[in-house]
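*Asks:* Sequence first, then the predicted structure:
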Amino acid sequence: MDKYIEKFIRYLEIEKNYSPHTILNYKLDLLNFKAFLGEQGLEKVDYLFLRKYLALLKEKDLGARTVGRRLSALRSFFKFLVRDGYLKANPILMLSSPKLDQHLPQFLTEEEAARLIESAFAKTEKDELGLRDRAILEAFYSTGMRISELVSLNIDDVDFIGGVAKVLGKGKKERIVPVGDIAVAAIRKYLDNRKKKTDVLFLNKNGARITTRGVRFVMRKYINSLGMRDGVSPHTLRHSFATHLLNRGADLRTVQELLGHANLSTTQIYTHLTTEKLKNVYDKSHPRA
């Protein structure tokens, strides 16, 4: 089992170009299955054996999303083993994944987003951290990028004249996202007043690249100062970005490209958030509404 896991992990790294975070999760999930497998060989694994494993996961009161992820790792693993000739048949083909409850992402209204961003301001032109915080929030809402994508940005990744940024997304896939004029101006102002000269775009108070944890701390500070509802996070600005674009007429495929979603189905969840907007248009437009 160990040698097959190592071969599979190399396949994910080299051929699939998965992120280190995804690869680590897959490896942990497979090691969990290995413990359940014990001394039994992989060639003995069948549908009934996998049903027993699924039952064990449910007995542990694991969430449907966790169980689904573990089964997803096994699906990819067995598909790889069959493809490369290590197994003759795929035992997991007939096993269905648990249904996931669909949780609609939380988002801010346009007014709330503006209030949050504008709450970060520099007290003076030398207030480097205030300028940085404003630039971070403007960049988040302007681009809809993930927090991991934002903290990994270097100055060279931003085209200040063209108003775009090069983002390294999931699976190490690059994409180009527009950066609005207001966000560009905020980033410029921050860089013009920053003491340390480095290629990194956003720095912490010690002059090193800011971490995802650091960004969450920054945002929490402004959320608390405004007394906003629980659950608002950096990802909330990403959700708000997508929702506001759709509300203002952007098509789903464009939003998919901007968010860096591999599948359109991932983006479609945002259409549920635009129902109120559709109802308002209907009420104003339909003669019998």
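*Replies:* Thanks, I have it.
*Asks:* Mind pulling the model confidence for P98?
*Replies:* Listed pLDDT for P98 reads 66.
*Asks:* One more: Q102?
*Replies:* So, for Q102, pLDDT stands at 58.
*Asks:* what does the one 10 residues further on give?
*Replies:* Model confidence at E112, expressed as pLDDT, equals 92.
*Asks:* Quick check, it in contact with M228.
*Replies:* Yes - assessed by CB atoms under 8 Å, E112 is found in contact with M228 at 7.1 Å. In this view, the C-beta of every residue, glycine as well, is placed from N, C-alpha and C.
*Asks:* tell me the SS of V167?
*Replies:* Three-state assignment for V167 (DSSP: H, G, I helix; E, B strand; the rest coil): strand.
*Asks:* if I look at it, how far off is Y26?
*Replies:* For V167, the distance to Y26 equals 24 Å [CB to CB, to the nearest Å].
*Asks:* ditto for I161
*Replies:* According to CB to CB, I161 and Y26 sit 41 Å apart.
*Asks:* same question, K3
*Replies:* 16 Å.
*Asks:* more neighbours, these two?
*Replies:* Y26 (23 against 8; other CB atoms under 10 Å).
*Asks:* quick one: contacts for the more buried one?
*Replies:* Residues in contact with Y26, defined by CB atoms under 8 Å, 6 or more residues apart in numbering, are 8-9, 12, 18, 73, 76-77.
*Asks:* Repeat that for D2.
*Replies:* K34.
*Asks:* confidence score at P234?
*Replies:* With respect to pLDDT, P234 scores 84.
*Asks:* Do you have the helices of the protein handy? List them.
*Replies:* 2-14, 20-37, 47-59, 64-83, 110-118, 128-143, 147-151, 181-192, 212-226, 234-247, 252-259, 264-267, 275-285 (DSSP state H).
*Asks:* of all those helices, which lies closest to L95?
*Replies:* helix 47-59 (5.2 Å; CB to CB).
*Asks:* Report the buried residues of that closest one.
*Replies:* Residues of helix 47-59 classed as buried: 50, 53-54, 57 (neighbour count, 16 or more other CB atoms under 10 Å).
*Asks:* out of those residues, who's nearest T124?
*Replies:* L57 (55.8 Å).
*Asks:* is it true that that closest one touches R70?
*Replies:* Yes - assessed by CB under 8 Å, L57 is found in contact with R70 at 6.5 Å.
*Asks:* For A35, see how far away R75 is.
*Replies:* Distance of R75 to A35, computed by CB to CB: 19 Å.
*Asks:* Looking at those two, which one has more neighbours?
*Replies:* R75 (15 against 9).
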